[in-house]
Every structure is written in structure tokens, then in C-alpha cells.
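A.B. asks: A predicted structure for the sequence below; I have some questions about it.
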Amino acid sequence: MYTPRSASTSDASRNKKALISVGLKALVQEEKLAQFGSQISLRAILKTKGIDEEAFLATLQTETLRSSSDKDADIEFVGILPCPVKIPLMETYDTFAQKFMKTTGLTLHSELKPASMGTSWIAENISQRSSATELPHLFISAGFDLFFDTNKIGRFRTEGVFSDRLKRTRKNPAFAQYDMEDPEGNYTILSGVPAVFLVNCEELAGRDIPRSWKDILAPEFAGSISLPVGDFDLFNAILLSLTKAYGPDAIRQLGRAMQQDMHPSEMVKSAQRKMAKPAVTIMPYFFTKTVQNLSTVTVVWPEDGAVLSPIFMLSRRDMPPEADQIVEFFGSKEVGEILAHKGLFPSLHADVENKLPEKAPFLWVGWDFLRTKNMGEEISRAEELFYHEYSKRSSQ
């Protein structure tokens, strides 16, 4: 299903079409597989041949899924995975999925794409399905837009279509003070993407290091903040969380604060080069790992909480009972550790040690807000306020 990071060429026998399509026809010969399979990694061969690994990954996924990609598959699973952990998650899931299909005798159509692809393809797919029985059995994705907008999957939530199948009995210490379990028993949260501050001390110009969201919303930080506007899930989480915590005025202030939209990787580069540099960049906690050796920047976990964009899993209530194994897999300690240790996405699994600062509160909108508000309308309203203020300031 996916190309393992450390897969040997012996794994390639079930992926012949993908290998042929990128010019590795020789590897399809069984004697070649037997000769080199235990000695040469697939990654090494791709590098030697000058073949783009991401392109091969896409081809490999397409070819492997093709046998079960029709709508008649017993179980359909769609969603997006966070980019930093996409490959290790795919590796682990591939092993699980192959075993699952072998032991249950069920066909499994999985379409899991990197978060960089966005969720519009899922929304478009769902828009063509009029009834709950036509929906995929399982979904996974971060963010609020797709799953809570009543014009999208959210319209099925009130019909009792989904069910939280994990039924946790213990809390992870990092989330001990938060109610992360859906009280209506519809949705499951597996993990979350925290948004923190990366402060460029050279650009503060006498200002104190901001320690909270309230600090960066202050007038002195107008035009000084870089925001992940292109990361829709995280940006929407920021808009919703600040609206819930501080009201609409906070969104206006955030619009005035934005200097530019910059991907976290671009910010890291800007800190090392002579180019326009924001004083503060809002970024996923994962990206702070890439700036550990920069003496001019400091990472701040907001005192009023890192905005949390949860990673949700949705399970249809009427899905085959065997599909519970897929939910249990994604809710397992093994997957939780991949999320928490490789992506710095804190896991809700009780036994996972989340690698967070000693004091690491979250700014989480909560289930009451999600139940009583239309997320599509809330996001649109906040975006309008934000861009109106940003346009006013940037035109001055």
C-alpha cells in the first residue's frame, strides 16, 4: 500500500506495476529479488536511479490500492495524515492492512493522503453521496471545517451516523484537565496539532517577548506576526479558538497583527537569511525541532494555551464489526507514539509519553462550542473580520 522507509526490495514483489512504471523492470524478476532483496533498500535504489521518492510513493500507493479501489470494497477509509508523520504512519498501516485483509477476508479500500493535499477532495467526494449509507466507513483528518460544517460531513453528525468506538477509560496526563471525549459519543480525537510561537529576538525592537495570545494581539505587535494562513486546519483552529476565548475583537486584532503568510519552513529560512522577518511566527510545535540551533530565536508555549487543532477519527455506526480493528489500530499506543514522538502531535492514548514542556496548556474550543455553533459559518465570519482588518492595515 505504501513504500516503507526501510523496505527491502523483497517487499517489491507485490508492487510490480509501480516498479515497472518508474523504470525498475529488472527488479520485478524473481531471481533479482532473491539476489538483492535482503541487501539493498528500496530507498537506496530510488536514489541511485534519480527517482523522486514522493512521486514513487504516489505511484506505489495507487497501484497497490487499485485492486480494492472500487466502491464495492467491504470497508472504505479516507482521510489525510499529517505530513511530518505521513511515511512512518503509512509504513505501519500498510503492515496492519495487509494482515487485516488476510485474517478477515474483507477488502479494504484506503485513500489516505498527506495533509498538504487539503480536504477539498474529501468534501467533493462526499458531496456526491446523498445518504449516510453511501459514506466511507471511516474518516481521519485534523481540523474543524470538514467534520463540523453542516454543509459537509457535519450534516450527518446530528443524524447519529457516527460512533466513538475507542471508549477510553483513562486519560493521558497531558490532557487530564480537558474534556476531549465527545459527550455525545459521535467523534473520536486521536491527537492534536499544537500552535506555538517562534520569536525572533532580533526583530523585537525593544518589545518584551510575547508569552500569550493576548500579548501578540496587543497594538505594539501590529504588522509583526507571521501566520499559517495556508494551513487551513491550523489557521481555522486559531480563528475559532481565539473567538471562543476572547471574542470577535481578538480576530480583528489578529488581522492587524499579521505581517505575512509564511510556511514554518520558510520562517526557519528567513531567520537565517537577510529578508523580511516577522517578530513572531505562529507554527505547529513540530517545526520548532528545526530551529534548535538558532541562537536568535526562542520557542514560546503560550501561557494561555497552545491552540489545538485536533486529529479526528470518524467511524460509521453501521460499519462491519471487523472495522473496529482499524479504529483500535489508530487509537493504539504504537500509532500514538509515532504521532507524539516523530511529529510532536500529543496523543490522547493514556500510556504515551508526550514530549511537551513541563507546563503545556492547550487552547481547545471544547465540545459545547462545536455542538452549538455552525463551524462553517463561524469560520467564514472570522475570516471576514480577519482579512478586513489585515487589508486596512496593509494598505496604510
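C.D. replies: Arrived safely. Numbering: from 1, shown residues only.

A.B. asks: can you give me the strands for this protein?
C.D. replies: Counting by DSSP state E, one finds strands in the chain at the ranges 75-81, 108-114, 138-142, 187-200, 225-227, 258-261, 280-284, 297-300, 306-315, 362-363.

A.B. asks: Report all helices and strands that the second one contacts.
C.D. replies: Right, strand 108-114. helix 53-65, strand 75-81, helix 86-104 (3 or more CB pairs under 8 Å, 6 or more residues apart in numbering; DSSP states H and E). For every residue, glycine as well, the C-beta is placed using N, CA and C.

A.B. asks: Who are the contact partners of residue 369?
C.D. replies: Applying CB atoms under 8 Å, 6 or more residues apart in numbering to residue 369 gives the contacts 240, 244.

A.B. asks: And for residue 123?
C.D. replies: The contact partners of residue 123, taken as CB under 8 Å, 6+ apart, are 146, 152-153.

A.B. asks: Check residue 365 too.
C.D. replies: Shown in contact with residue 365 (CB under 8 Å, 6+ apart): 144, 237, 240-241, 244.

A.B. asks: okay, the strands of the chain in JSON lines with mean neighbour count next?
C.D. replies: As requested, those are exported to JSON lines (neighbours: other CB atoms under 10 Å):
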{"stretch": "strand 75-81", "mean neighbour count": "23"}
{"stretch": "strand 108-114", "mean neighbour count": "20"}
{"stretch": "strand 138-142", "mean neighbour count": "25"}
{"stretch": "strand 187-200", "mean neighbour count": "25"}
{"stretch": "strand 225-227", "mean neighbour count": "25"}
{"stretch": "strand 258-261", "mean neighbour count": "20"}
{"stretch": "strand 280-284", "mean neighbour count": "27"}
{"stretch": "strand 297-300", "mean neighbour count": "18"}
{"stretch": "strand 306-315", "mean neighbour count": "26"}
{"stretch": "strand 362-363", "mean neighbour count": "22"}
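
A.B. asks: Which of those comes out lowest on mean pLDDT?
C.D. replies: Of all these, the minimum mean pLDDT falls on strand 258-261 (a mean of 82).

A.B. asks: what lines up beside that one in the sheet?
C.D. replies: Here strand 258-261 is paired, per DSSP bridges, with strand 225-227 (parallel).

A.B. asks: can you list the residues that contact the partner strand?
C.D. replies: Here strand 225-227 makes contact (CB under 8 Å, 6+ apart) with 216, 235, 238, 254, 257-262, 267, 278-282.

A.B. asks: Which among the strands of the chain is found nearest to residue 129?
C.D. replies: For residue 129, the closest of these is strand 75-81, at 10.6 Å, according to CB to CB.

A.B. asks: Report the inter-axis angle for that closest one versus strand 108-114.
C.D. replies: 10 degrees (axes from the mean of the first three to the mean of the last three CA atoms, to 10 degrees).

A.B. asks: For strand 75-81, output the C-alpha coordinates as PDB.
C.D. replies: C-alpha atoms of strand 75-81 as PDB (Å, rounded to 0.1, in the frame of the first residue of the first chain):
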ATOM      1  CA  ILE A  75     -14.600  -1.200   4.000                       C
ATOM      2  CA  GLU A  76     -13.800   2.300   2.700                       C
ATOM      3  CA  PHE A  77     -11.400   4.500   4.600                       C
ATOM      4  CA  VAL A  78     -10.500   8.000   3.600                       C
ATOM      5  CA  GLY A  79      -8.600  10.900   5.100                       C
ATOM      6  CA  ILE A  80      -5.500  12.900   5.400                       C
ATOM      7  CA  LEU A  81      -2.400  12.300   7.600                       C
END
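
A.B. asks: Right, I'll leave it there.
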